[in-house]
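In: sequence first, predicted coordinates after that:
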Amino acid sequence: MELAKRIIVALDVDTKEEALSLVKQIDGAEIFKVGLKLFTAEGPSLLAKIHSLRKKTFLDLKLHDIPNTVAEAVKAAVRHNVHMITLHASGGREMMARATEAALKEAQKKDVKKPLLLAVTILTSLKDEQMKEIGMEPHTSNQVLRLAGLAKREGVDGIICSPQEIEIIKKEFGVDFLVVAPGIRPSWAAAHDQKRIMTPSLAIQKGADYLVIGRPIIKSASPQNAFLRIMQELNSSVGSDCKNST
């Protein structure tokens, strides 16, 4: 996979006008993330507008509800032709199984490609002490492995996890189980509210399939130049072998 296709640009903005402007500016990117704030503000019509620009969408709503509700939401996402969609692994095995089944059946029914289902393990804003406060095991890597195992057994395509867990996930579940890593910050960018972060080149070297990058690109004076700067960093430090990796 080409390195440029492994970068997901997070459209963490308020309006469709801002979002579409960014999509048009960042010529080399293929996948754009629409999160909870933007989707709530603008709705499904934004997805269609992004698709009309020949780009793919990553619908990052982190679905977490009773199994039937999540399955129905996944069906709706399939009808909107999203490329990726997230759900919380902590929603449990039945919820993930129903979501996987719904995605496959709806895609077959509509004769479209099934979106990639990605399970969120532990939010990158959480640290061990905060996990303990909410009643979870205060060892991030152990909890990520447990939730990733549940997701894989129920047919989910991969997980969202911090860069620090990339290697253990690939070692435990194999290269075909996708890892999408948020918390990616180039060496020249500020960390902001992400706690468990990593540079793009190191995350790719450790085995990440996709990198989610937002503020370093979209808050730049020139989003296109920021994207190209990240690509230059990746190409120089990762090398051509990565372009053929999965």
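Out: Nice, thanks for sending it over.

In: now do the strands in the chain.
Out: Here the chain has its strands, by DSSP state E, at 7-10, 31-35, 56-63, 84-88, 116-120, 158-160, 178-181, 210-213.

In: can I get those strands in CSV with mean neighbour count and distance to residue 139?
Out: (Each C-beta comes from the backbone N, C-alpha and C, glycine too.) As requested, these are exported to CSV (neighbours: other Cβ atoms under 10 Å; distance: least, Cβ to Cβ, whole Å):
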stretch, mean neighbour count, distance to residue 139
strand 7-10, 24, 28
strand 31-35, 21, 28
strand 56-63, 22, 22
strand 84-88, 23, 19
strand 116-120, 24, 18
strand 158-160, 26, 17
strand 178-181, 25, 19
strand 210-213, 24, 24
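
In: want to throw those into a markdown table with mean pLDDT?
Out: Converted to a markdown table, the strands of the chain look like this (pLDDT from 0 to 100):
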| stretch | mean pLDDT |
| --- | --- |
| strand 7-10 | 97 |
| strand 31-35 | 98 |
| strand 56-63 | 98 |
| strand 84-88 | 98 |
| strand 116-120 | 97 |
| strand 158-160 | 95 |
| strand 178-181 | 96 |
| strand 210-213 | 96 |
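
In: and those strands as JSON lines, adding distance to residue 45?
Out: Putting the strands of the chain into JSON lines (distance: least, Cβ to Cβ, whole Å) gives the following:
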{"stretch": "strand 7-10", "distance to residue 45": "19"}
{"stretch": "strand 31-35", "distance to residue 45": "11"}
{"stretch": "strand 56-63", "distance to residue 45": "12"}
{"stretch": "strand 84-88", "distance to residue 45": "17"}
{"stretch": "strand 116-120", "distance to residue 45": "22"}
{"stretch": "strand 158-160", "distance to residue 45": "25"}
{"stretch": "strand 178-181", "distance to residue 45": "25"}
{"stretch": "strand 210-213", "distance to residue 45": "23"}
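
In: between those strands, which one is closest to residue 204.
Out: Closest of the strands of the chain to residue 204 is strand 210-213, at 7.1 Å (criterion: Cβ to Cβ).

In: where in the chain is pLDDT low?
Out: For the chain, the stretches with pLDDT under 70 are 1, 124-126, 130-138, 188-197, 238-246.

In: which residues does the longest helix along the chain contact?
Out: As assigned by DSSP state H, the longest helix anywhere in the chain is helix 93-110. Contact with helix 93-110 is made by 63-68, 70-72, 74-75, 77-79, 85, 87, 89, 113-115, 117, 119, 150-151, 153-156, as judged by Cβ atoms under 8 Å, 6 or more residues apart in numbering.

In: picking that back up, out of the strands of the chain, which comes closest to residue 42?
Out: strand 31-35 (8.2 Å).

In: and residue 111, how many neighbours does it have?
Out: Per other Cβ atoms under 10 Å, the neighbour tally for residue 111 reads 6.

In: next: the one 4 residues further on.
Out: A count of nearby residues for residue 115, using other Cβ under 10 Å, gives 23.

In: ok, it touching residue 84?
Out: Yes: at 5.9 Å, residue 115 and residue 84 qualify as touching, with contact defined as Cβ atoms under 8 Å.

In: what about stretch 160-180, start to end distance?
Out: One end of stretch 160-180 sits 5 Å from the other (Cα to Cα, to the nearest Å).

In: ugh, wrong one, I meant stretch 169-185
Out: Across stretch 169-185, first to last residue, Cα to Cα, it's 20 Å.

In: go through that stretch and flag the buried ones.
Out: Within stretch 169-185, the residues that count as buried by 16 or more other Cβ atoms under 10 Å are 169-170, 173, 177-185.

In: pick out the most distant pair among those.
Out: Every pair of the buried residues of stretch 169-185 checked by Cβ to Cβ; the farthest is 173 and 185, at 25.4 Å.
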